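Enquirer: Here is my input, please return the structure:
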Amino acid sequence: MVEREPIIRVENLTAGYNDHVVLENVSFEIYPGEVFTILGPSGCGKSTLLKHMIGLEEPEQGRVLIYGEDLVTADDAARRRLLGRVGVTFQGGALFGSMTLLENVRLVLEEHTRLPKHAATLVALMKLELVGLRDHAQLLPSELSGGMQKRGAIARAMALDPEILMLDEPSAGLDPITSAGLDALILDLARSLGVTFVIVTHELPSVYAVADRVIMLDGRSRGIVASGHPLELRDDPSNPTAWQFFHRQIGDDAATRPEATDPAAGAPETE
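Expert: Below you'll find the predicted structure:
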């Protein structure tokens, strides 16, 4: 049996803000083609971890390797090359409100490639087709539903054909039916295109629907308290912290849980 090489490797990552440690000695690996989910309660450090994984923050200790290279120590050319292989969507979608959906997606191509405008338009339309929004290409974000905005953000993140897509709370604010449709889209993209997904969420229905593997963070331990397939974690009572989370139970020490200890999180729903 041939062993797979990890596409992302997090090694002994310690991260914090203003002398407050949010994550301590966190290590894990992500493999090509996985739908990998980072979950946990508000304030546990999910947003902090994601920011370190895409190089927006530098760790206090440890490192994050993408394809064996460290974003922090890579030179500018290597950093651009690595980031070109990673697409990111943040919780709000961050589509430019004054631009149509087509213009939002095409902008990435105009900034990072030398494609002529007509070719960039065709590529952008192809990406919108992949997420079911080609017929809405000329609409502004304000004219789209919340679910469509999420799909549009994914199309934009896919503009450069990344091998990794990192999604921050993709189902946040969506109704159950729209959320299920987004889950189906993620699975379709993962299976048909071979894209590796890294998803930050606390939405359990979505976790059960899409995740091949999860890690669960906990603010009290400042690290990973459980990892594996979500159904295995749900059905394993030997880990009280994970059991309480997956079964939506309040533990005896829930009142002491640091709900807002992650300064990167902002409002609670961002974590």
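Enquirer: Could you report the separation of D236 from A242?
Expert: Between D236 and A242 the computed distance is 7 Å (C-beta to C-beta, to the nearest Å). Every C-beta, even on glycine, is put in place using the N, C-alpha and C of the backbone.
Enquirer: higher neighbour count, those two?
Expert: Neighbour tally, D236 and A242, criterion other C-beta atoms under 10 Å: the higher count belongs to A242, 24 against 13.
Enquirer: Just say helix, strand or coil for the more buried one.
Expert: Put simply, A242 is helix when judged by DSSP: H, G, I helix; E, B strand; the rest coil.
Enquirer: quick one: pLDDT of it?
Expert: pLDDT recorded at A242 is 90.
Enquirer: what do you get for L82?
Expert: For L82, the model assigns a pLDDT of 89.
Enquirer: Please name the nearest non-neighbouring residue to it.
Expert: Leaving aside its sequence neighbours, L82 sits nearest to I66 (C-beta to C-beta, 6 or more residues apart in numbering; 5.3 Å).
Enquirer: low-scoring pLDDT stretches of this structure, where are they?
Expert: Across the chain, the ranges flagged by pLDDT under 70 are 1-3, 92-93, 250-271.
Enquirer: Could I get the full set of strands for it?
Expert: 8-17, 20-30, 35-39, 61-66, 69-70, 86-89, 164-168, 196-201, 213-218, 223-228 (DSSP state E).
Enquirer: now the ones you listed as a markdown table including mean neighbour count and distance to E103?
Expert: A markdown table is the format used below for the strands of the chain (neighbours: other C-beta atoms under 10 Å; distance: least, C-beta to C-beta, whole Å):
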| stretch | mean neighbour count | distance to E103 |
| --- | --- | --- |
| strand 8-17 | 19 | 31 |
| strand 20-30 | 18 | 32 |
| strand 35-39 | 25 | 30 |
| strand 61-66 | 18 | 29 |
| strand 69-70 | 16 | 32 |
| strand 86-89 | 23 | 17 |
| strand 164-168 | 24 | 21 |
| strand 196-201 | 24 | 26 |
| strand 213-218 | 23 | 36 |
| strand 223-228 | 18 | 40 |
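Enquirer: Would you format these as TSV with distance to F96 included?
Expert: Output for the strands of the chain, formatted as TSV (distance: least, C-beta to C-beta, whole Å):
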stretch	distance to F96
strand 8-17	29
strand 20-30	30
strand 35-39	27
strand 61-66	27
strand 69-70	30
strand 86-89	14
strand 164-168	18
strand 196-201	23
strand 213-218	32
strand 223-228	36
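Enquirer: do you know which of these lies nearest L133?
Expert: Proximity to L133 (C-beta to C-beta) singles out strand 86-89 among the strands of the chain, at 14.0 Å.
Enquirer: now for that closest one, which elements pack on it?
Expert: Packing partners of strand 86-89 (3 or more C-beta pairs under 8 Å, 6 or more residues apart in numbering; DSSP states H and E): helix 146-157, strand 164-168.
Enquirer: Good, wrapping up.
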